[in-house]
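Novice: Below is the sequence, then the predicted model.
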Amino acid sequence: MKLKFILFILLAALSTGGFAQLKIGYTNVEAIISYMPEQNLITKELTALRQKLIEAQDAKTKYFQTKQEEYQEIAQTQNVTEEDIQKMAGELENLQREIQQSASRADQRLSAKQAELLQPLLDKIQKAVEDVAKEKGYTYILNSSSSSASVLLHGQPQFDITKLVFIKLGLPVPAELEQANGGSGK
């Protein structure tokens, strides 16, 4: 969807002769986030939440296994009816369904917490990108992150503004970024 939008803009600019006025840059949002000091706190908080959710899930799984063993022992050692076996099987199925639903809710909760914690960082980066774009006369800035959200397939190093965004955020520019594009980001 994003790629179609960008292609539409580029084609529109070409067809109207406005391409000479179009200046497109790019930055790597994931790289910037990974160097922000707040990222360490976010990672610690998400790790703690993940561990808490895993422990809760493990307790439910252990309860299920205990019930399953208990029902198997009852079925083997006592005189039980077909109705009793079906009742026990139904209870185990319900427990298993609860475990699966709980795991799904835990994943959703973790994702929501991650989004909540990252939003202030994304807002800071967005502001810095907008400031750099305005200062340097960029019409569009694309995201070159390696995730599936990336809309940049190729870019010339001189249009990479990642270094400028680091500077705008008051973050030290990583050495590998300096070496990767020769300190460009004009």
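Specialist: Okay, I see it.
Novice: how about residue 145, secondary structure?
Specialist: At residue 145 the chain is in coil, as set by DSSP: H, G, I helix; E, B strand; the rest coil.
Novice: from the middle of its chain, how far away would the one helix or strand residue 121 maps to be?
Specialist: Assigned by DSSP states H and E, residue 121 belongs to helix 82-136. Taking C-alpha atoms, centre = their mean, to the nearest Å, one finds the center of helix 82-136 at 11 Å from the center of the full chain.
Novice: try stretch 48-57
Specialist: 19 Å.
Novice: follow-up on the earlier one: and the helix holding residue 121, what does it pack against?
Specialist: The contact analysis (3 or more C-beta pairs under 8 Å, 6 or more residues apart in numbering; DSSP states H and E) places helix 82-136 against strand 24-27, helix 29-35, helix 38-77, strand 140-143, helix 162-168. (C-beta placed from N, C-alpha, C; glycine too.)
Novice: Can you say which of those is packed in most?
Specialist: Across those, averaging neighbours per residue (mean count of other C-beta atoms under 10 Å) puts strand 24-27 on top, at a mean of 24.
Novice: rewinding a little: okay, the helices and strands packed on helix 82-136 in TSV with distance to residue 107 next?
Specialist: Shown next, in TSV, are the helices and strands packed on helix 82-136 (distance: least, C-beta to C-beta, whole Å):
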stretch	distance to residue 107
strand 24-27	29
helix 29-35	21
helix 38-77	9
strand 140-143	25
helix 162-168	31
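Novice: Let me know the secondary structure of the residue of the chain most remote from its centre.
Specialist: Within the chain, the residue lying farthest from the chain centre (C-alpha atoms, centre = their mean) is residue 79, at 53.6 Å. The local conformation at residue 79, judged by three-state DSSP, is coil.
Novice: wouldn't residue 28 be in contact with residue 144 here?
Specialist: Yes. Assessed by C-beta atoms under 8 Å, residue 28 is found in contact with residue 144 at 5.0 Å.
Novice: intersection of neighbour lists for the two?
Specialist: 160, 162 (C-beta atoms under 8 Å, 6 or more residues apart in numbering).
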